[in-house]
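Novice: Provide a 3D model corresponding to the input given below.
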Amino acid sequence: MPRFSPFFAPRLCLSLGLCLLSSIACAQAPAASSTAPARDAAGQYREMSAQTQDVAERYVQAYMSRDWPRLFPLMSERIRFSDPTAKLVFGDLNQQGKPALTKYFSEVYPYVETHAFKRERSTFAGQHAIFIGESDWSISLPGQTPVRSKSQLVLALRIEDGLVQEHLELADLQSYLSHRQELAASRKP
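Specialist: Purely as a prediction, here's the structure:
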């Protein structure tokens, strides 16, 4: 077994200690640098969510009050609007592009007499905003008796570059259909 001189032992301990510290530092370096992007991502996510909330809040307020001069500037030129839950009741409401959607809102929404939204929850996650609540609305279509309804509504928006790119609505229209049937039955002799 080799013997170490007393002079050599402290140097060996120092070398081993430096190697150990160096290996610990190298092992921790990737962990430290991997948390930096996580913190940056968290900050970016928080900032994007706050920007989304600002645009989405203004958009929903203008949309529900049918304030087109405030709403239209918040729309992307490529905005997509859809309400798949309305297809059986009102037909295909999908609109693609700002000109088509502004025309749709301008031509159809004058028949909407009231439109109030009681928000129950909302979430702002990165580029996405989700509003959940109850829509209290009435519509008076040509040649028909006005129908008032309260519907559960989910409104989802996707925001990019400060503009709404996608507007998706999902509503339970059973209340509307029931009221329409009641009105039709009351008019029969």
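Novice: Can you mark which positions in the helix or strand hosting residue 107 are buried?
Specialist: Counting by DSSP states H and E, the element that carries residue 107 is helix 98-108. The neighbour-count criterion (16 or more other CB atoms under 10 Å) identifies 98, 101, 102, 105 as the buried residues of helix 98-108. From N, CA and C alone the C-beta is placed, and that goes for glycine too.
Novice: any idea which helix or strand comes after it?
Specialist: Using DSSP H and E, the next helix or strand after helix 98-108 towards the C-terminus is strand 112-125.
Novice: And for that next one, what's in contact with it?
Specialist: The list of residues contacting strand 112-125 from outside it, by CB atoms under 8 Å, 6 or more residues apart in numbering, reads 49-50, 52-53, 56, 60, 64-66, 129-140, 146, 148, 153, 155.
Novice: ok, that strand: who's next to it in the sheet?
Specialist: According to DSSP bridges, the neighbouring strands of strand 112-125, each with its direction, are strand 128-139 (antiparallel).
Novice: what's the following helix or strand after the partner strand?
Specialist: Beyond strand 128-139 toward the C-terminal end (DSSP H and E), the next one is strand 147-160.
Novice: how big is the angle separating that next one from strand 128-139?
Specialist: Computed with axes from the mean of the first three to the mean of the last three CA atoms, to 10 degrees, the direction of strand 147-160 lies at 160 degrees from that of strand 128-139.
Novice: distance between strand 147-160 and the chain's centre?
Specialist: Centroid separation for strand 147-160 versus its chain: 12 Å, with CA atoms, centre = their mean, to the nearest Å.
Novice: same deal with stretch 162-179?
Specialist: Shown here is stretch 162-179, whose average C-alpha point lies 14 Å from the average C-alpha point of the whole chain (CA atoms, centre = their mean).
Novice: Return that stretch as CSV; C-alpha atoms alone will do.
Specialist: Output of stretch 162-179 as CSV, limited to C-alpha atoms (Å, rounded to 0.1, in the frame of the first residue of the first chain):
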residue,chain,number,x,y,z
GLY,A,162,-53.5,43.0,-29.2
LEU,A,163,-56.3,41.9,-31.4
VAL,A,164,-59.0,39.2,-31.2
GLN,A,165,-58.2,36.4,-33.6
GLU,A,166,-60.9,34.0,-32.6
HIS,A,167,-64.3,34.4,-31.0
LEU,A,168,-66.0,31.2,-30.0
GLU,A,169,-69.4,31.0,-28.3
LEU,A,170,-71.1,28.0,-26.8
ALA,A,171,-74.6,28.5,-25.4
ASP,A,172,-77.4,26.4,-24.0
LEU,A,173,-80.3,27.5,-26.3
GLN,A,174,-83.0,25.3,-24.7
SER,A,175,-84.5,28.3,-22.8
TYR,A,176,-84.8,30.2,-26.1
LEU,A,177,-86.5,27.2,-27.9
SER,A,178,-88.9,26.6,-25.0
HIS,A,179,-90.0,30.3,-24.9
